[in-house]
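**Student:** Turn this into a structure:
(2 chains, ligands or ions: 2)
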Amino acid sequence: MHIVVCVKQVPDWDIPPSSFKVDEAAKKVVPPPGVAAVTSQFDGIAVEGAMRIKDAAKDTKVTILSMGAPTAREVIKQALAMGSDEGVLLVDDAFNNLDSAGAAMVLAAAIKKLDAVDLVLTGRQAVDWDTGVTGTLIAEILNAPVITFAKSISVVGTTITVERVLPDSFETVEASLPAVVTVSNELGEPRYPKLPQIMAAGKKQVTTWTAADLGVDTAALAQKLTLEALFVPLVDTKVELMEGETPEEQAMALARRLKEAKLI
Amino acid sequence: MANGVLILAEIVDGAIAPVTAELVGAAQRLSAGPVSAMIIGSGVEAVASKILGVEKVYVVDHAALAEYTNDGFTKAAEAVAKQADPAVILLGQTSEGRDLGPALAYRLGTAVAMDTIALEMKDGKLHTTRPAYGGNARAVNSFTQMPAIATVRPKSQDAAEGGGAGEVVKVAFDASGIRTKVTDRKVASSEGVRLEDANVVVSGGRGLGGPENFAGVEELAHLLGGAVGASRAVADLGWRPVSEQVGLTGKVVSPTLYIAIAISGASQHMAGCSGSKNIVAINKDADANIFKAARFGIVGDFKTVLPALVDAVKKVKAEG
Ligand SMILES: Cc1cc2nc3c(=O)[nH]c(=O)nc-3n(C[C@H](O)[C@H](O)[C@H](O)COP(=O)(O)OP(=O)(O)OC[C@H]3O[C@@H](n4cnc5c(N)ncnc54)[C@H](O)[C@@H]3O)c2cc1C
Ligand SMILES: Nc1ncnc2c1ncn2[C@@H]1O[C@H](COP(=O)(O)O)[C@@H](O)[C@H]1O
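**Tutor:** Ligands and ions are numbered 1, 2, ... in the order given. Purely as a prediction, here's the structure:
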């Protein structure tokens, strides 16, 4: 079986809100100095999902796809260290500043170019724009069924079974391969590569493909959704901290304030 | 010429979901022509008259739509959109809307703005505002194609009030081509008040140190007639069910009172509770982000503060 996992490199999300900055004129996020870009959270989890399938069926091949800057090679290397087999980096000036629809077209073109892909995994949403559409769009382009918000994935023969996370339930869904599945955090933490695996990942192949290699019509990648503005919202609440010598006094002060405000 | 706004009505437990009236309200305020609704499912025609404030209700009623599937609902919504030819389509940022929005946009050759919290028409074009970067930023988007599709965050819009039922228009459905099958559903057990509807929510975070310490959170919630919520850290650790998770990838709540205990207040958590009228924070770290959004706070250890608060609330309530 051949699984493709789409992995995006994003600015580190695990920074204090106070160091989050936006260049409003350029409509871009300015990462704090010295903080490196990372693997989008759910994409590392999607790689873990692929690894679990590979653990159960050793003849599984896992290919990592990432579209982005040349530095995205780093996130591919991490996925290779987790046990994936090959990587493909999609870089081209025409791929800069695409919206999700454009990203999906490029990723789908790369998937078509790879041989016989049975399963495509993506994150439920990329943690930069928090959009959550690319996986579904890839499925539409490839004319394959999509199953979103996966908590567990199992494959028997050509049947895939996915447990989906819904607000008040878990739903089990079945489909025939090929299929696209978007992965949620409930699947579990990505495995931590050990040093020999990191060393071995260095020797694994990472191919680079451009728009010309993929044969994509770059005019068709034009944004359908125009970014008009990007800004940091103002929060203007001022907290009233409860005074008191002891926790009991603070708690009583809070209870009284809540009562005065008719909240209890 | 595309005109008007089409919204997707949702059904929860056999009744029209609250997000539906919010979508109708948002659609009316756009003043972009007539507002119509679509309702998709099996045996749903009966509730079509419960959608108020719309001119038409497009009903796609078919046994094959008894369970939500991406294939079935996308095909049904596509059929309605092609017949109704709206300029704008609004869906809820619910599990259905999240799943359906992108596929519908693709089929209609247009784009979708997900998780929007503000919508406005400018020069005849829809502009949407949505949180991005885990809630740290706001992005304003406009559309280059029609129809403009947006999913709208629950509780971000005032619900439409009153209005009559729409004229029912039945839309035929061809059930072929549904490639996924729902084979099982495990419903998360929940007692007491529904988290999304609760007037008071008491949430606990990783700082509680273990599932056993949620006893105090539960007691306080019970005392205030509220529901228990949790941060994702807590749900990921398995201390509380996923159905209690509040935040960007969990539930959106907007109670009158939201009490966050040992929660740091990461932007992704705040995405689910910042619409609360009053936030109270209890945290041992005075610099925790949660205090930036809170109206009242106690800097202290929950181990002593929480039991004291339970006692204090009991006393104050007893005073009447
Ligand atoms: C894309 C994405 C989506 C996400 N979606 C969500 C989401 O939907 N919901 C969500 O909640 N998170 C979400 N997160 C995770 C989020 O970024 C935080 O990691 C998470 O909210 C942290 O949970 P916490 O506040 O419980 O834990 P922590 O950040 O570990 O905070 C624990 C807090 O407890 C305090 N504390 C410790 N001990 C005590 C004590 N004895 N008494 C009092 N206070 C104490 C500490 O000071 C600290 O502030 C998401 C993250 C990403 C990247
Ligand atoms: N540039 C990219 N390279 C690789 N995968 C991507 C890229 N953009 C999006 N994806 C995948 O699509 C998922 C959803 O992204 P989005 O629709 O942007 O929220 C991500 O979690 C990734 O798995």
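**Student:** Look at B:Ser243 and say how many residues are nearby.
**Tutor:** 21 (other CB atoms under 10 Å in any protein chain shown). Heads up, the C-betas are built off the backbone N, CA and C, glycines and all.
**Student:** what separates the residue of the stretch 1-150 of chain A found nearest ligand 1 from A:Phe42, distance-wise?
**Tutor:** Among the residues of the stretch 1-150 of chain A, A:Val127 lies nearest to ligand 1; the distance is 4.1 Å by CB to the nearest ligand atom. Taking CB to CB, to the nearest Å as the measure, A:Val127 falls 7 Å from A:Phe42.
**Student:** Give the bridge partners for the closest residue to A:Glu240 other than its chain neighbours, please.
**Tutor:** Closest residue to A:Glu240 apart from its sequence neighbours, by CB to CB, 6 or more residues apart in numbering or on different chains: B:Phe296 at 5.4 Å. Judged by DSSP bridges, the bridge partners of B:Phe296 are A:Glu240, B:Val280.
**Student:** ditto for B:Ile89
**Tutor:** Bridge pairing for B:Ile89 - DSSP bridges - gives B:Leu6, B:Ile149.
**Student:** That one touches B:Leu104, doesn't it?
**Tutor:** Yes - counting by CB atoms under 8 Å, B:Ile89 touches B:Leu104, with 7.2 Å between them.
**Student:** overlap in contacts of the two?
**Tutor:** Counting by CB atoms under 8 Å, 6 or more residues apart in numbering or on different chains, the shared contacts of B:Ile89 and B:Leu104 are B:81, B:149.
**Student:** residues in chain B within reach of ligand 2, list them.
**Tutor:** Proximity of chain B to ligand 2 (CB under 6 Å from any ligand atom) involves no residue at all.
**Student:** List the neighbours of the lowest-mean-pLDDT helix or strand in chain B that are in contact with it.
**Tutor:** Lowest by mean pLDDT, DSSP states H and E among the helices and strands of chain B is strand B:11-12, with a mean of 92. By CB under 8 Å, 6+ apart, the residues outside strand B:11-12 that reach it are B:17, B:39, B:41, B:44, B:47.
**Student:** does the second one count as helix, strand or coil?
**Tutor:** For B:Ile39, the secondary-structure state derived from DSSP: H, G, I helix; E, B strand; the rest coil is strand.
**Student:** For it, give me its contacts.
**Tutor:** Residues near B:Ile39 by CB under 8 Å, 6+ apart: B:8-9, B:11, B:47-48, B:51, B:57-60.
**Student:** Recalculate using a threshold of 7 Å.
**Tutor:** B:9, B:48, B:51, B:57, B:59 (CB atoms under 7 Å, 6 or more residues apart in numbering or on different chains).
**Student:** Report whether the expected contact of the fourth one with B:Val171 is present.
**Tutor:** No - in this structure B:Val57 lies outside contact range of B:Val171 using CB atoms under 7 Å: 10.3 Å.
**Student:** shared neighbours of those two, anything?
**Tutor:** Common neighbours of B:Val57 and B:Val171, counting by CB under 7 Å, 6+ apart, are absent.
**Student:** quick one, which of those two is more surrounded?
**Tutor:** B:Val57 (23 against 18).
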